[in-house]
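Novice: Prediction below, plus the sequence it came from.
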Amino acid sequence: MGKFSGKTVVAIASLVLIWGLSWSIYKMSLAYTPPILFAGMRSLIGGLLLALFILPKWKKINWRENWLRYCISAFLNTLCFYGIQTVGLVYLPGGLFSVLVYFQPILIGLFAWLWLGESMTVLKIIGLIMGFLGILAVSADGLTGQVSIVGVILGLLTALTWAMGVIYVKKVSAKVDSLWMVAMQCIIGGAALTLLGTGVESWSDIVWNAPYLIGLSYGATFGVPIAIVIYFGLVNAGEASKVAAFTFLVPLIAVMTGTIFMDEPVTYSLIAGLVLIVCSICLVNYQKKMRQPAIANHLNR
């Protein structure tokens, strides 16, 4: 495929911007709400809105055949991913936390080698090593008490569960409708998180003010259904591989917005780690793109 169309550029830019801004917005809201209840309500409402959007295709749910797949995806991609992510944001600045979470593409490369049989090339190994060094650099401030080690661990767990969730969805993608998979995982996982939050947190601790409502509204609209609709629109147009190459911009935007609007500190070790992680993700994505022409040439023989 040649150059990006104007429509594709706008879609990719919108997706990266939505994800990049979300970290500071959620961090702002978490000052007024228990984290698990916030994650649950955001996911549940977002999933219901997405389900309403695709309701005309309700027959594609195939609940009897796919309920277990929906539940497994909900556990990894919503209950663990959103739950751990939201709790982790309590411990770390939004920009720094997003850097850790976007170690996920590196884990995807490793898991694809282990579980999907993809080759482990020299460039990919270099990328994985650079990503690991980037995580060490980002975590360095934790040794001096400037950054919460608990927050760093939760950030890495968020990346881990997201990567495992993506691998699982890829393995079952031929058996489920992609949009209904997202809607159902958000509804099931969001409901579970809300119930969990009801048991261990208090609804009375929610401050129903503007910052909280902005975060909840953003997550339940832009953060879940709108972003997913844009993403799958790009996938259906054959742009999925190109979207992956641009996701490294998300932590950059998160760090910038956190610094500008929330006075979050930027240390030298954070900058060094950010550069290493960006280079790492670029190497992994570049390697994936390098393999596509070879596959195309083989198919054209």
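Specialist: Arrived safely, thanks for sending.

Novice: Other residues contacting stretch 63-80?
Specialist: For stretch 63-80, the external contacting residues (Cβ atoms under 8 Å, 6 or more residues apart in numbering) are 43, 47, 157-158, 161-162, 164-166, 168-169, 172, 175-176, 181, 184-190, 192-193. Every C-beta, even on glycine, is put in place using the N, C-alpha and C of the backbone.

Novice: So in the protein, where's the weakest helix or strand by average pLDDT?
Specialist: In the chain, no helix or strand scores lower on mean pLDDT, DSSP states H and E than helix 240-246, which sits at a mean of 56.

Novice: Can you name the next helix or strand after the host helix or strand of Ala192?
Specialist: Using DSSP states H and E, the element containing Ala192 is helix 178-200. Once the chain leaves helix 178-200, the next helix or strand it forms, by DSSP H and E, is helix 210-218.

Novice: pretty sure Gly88 contacts Gly151?
Specialist: Yes: between Gly88 and Gly151 a contact is recorded at 5.5 Å, counting by Cβ atoms under 8 Å.

Novice: any common contacting residues for these two?
Specialist: Phe97.

Novice: Can you read off the pLDDT for the spatially most central residue of the chain?
Specialist: The residue lying closest to the centre of the chain (Cα atoms, centre = their mean) is Trp162, at 6.5 Å. Here, the pLDDT recorded for Trp162 equals 87.

Novice: and it, what element?
Specialist: Here Trp162 sits within helix 149-172, counting by DSSP H and E.

Novice: helices or strands up against that helix?
Specialist: On a contact count with 3 or more Cβ pairs under 8 Å, 6 or more residues apart in numbering; DSSP states H and E, helix 149-172 meets helix 63-74, helix 81-88, helix 94-101, helix 104-115, helix 122-139.

Novice: List just the one of those that sits closest to Leu55.
Specialist: helix 63-74 (14.3 Å; Cβ to Cβ).

Novice: how many neighbours does Lys171 have?
Specialist: Using other Cβ atoms under 10 Å, the number of residues around Lys171 comes to 12.

Novice: swap that for Lys175, please
Specialist: Residues near Lys175, counting by other Cβ under 10 Å: 11.

Novice: Against Tyr168, how distant is it?
Specialist: Remark: distance between Lys175 and Tyr168 (Cβ to Cβ, to the nearest Å) = 12 Å.

Novice: So, low pLDDT: which residues of the stretch 1-150 of the chain?
Specialist: 1-4, 118, 139, 141-146 (pLDDT under 70).

Novice: Recalculate using a threshold of 90.
Specialist: The model of the stretch 1-150 of the chain has pLDDT under 90 over residues 1-13, 16, 19-20, 23-24, 27, 53, 82, 89-90, 92-149.

Novice: The stretch 201-301 of the chain too?
Specialist: The stretch 201-301 of the chain contains residues with pLDDT under 90 at 224-301.

Novice: switch the cut-off to 70
Specialist: Using pLDDT under 70, the stretch 201-301 of the chain drops low at 232-233, 235-245, 248, 285-301.

Novice: Helices of that one, start to end?
Specialist: 210-218, 227-236, 240-246, 249-262, 268-300 (DSSP state H, counting those that start in this stretch).
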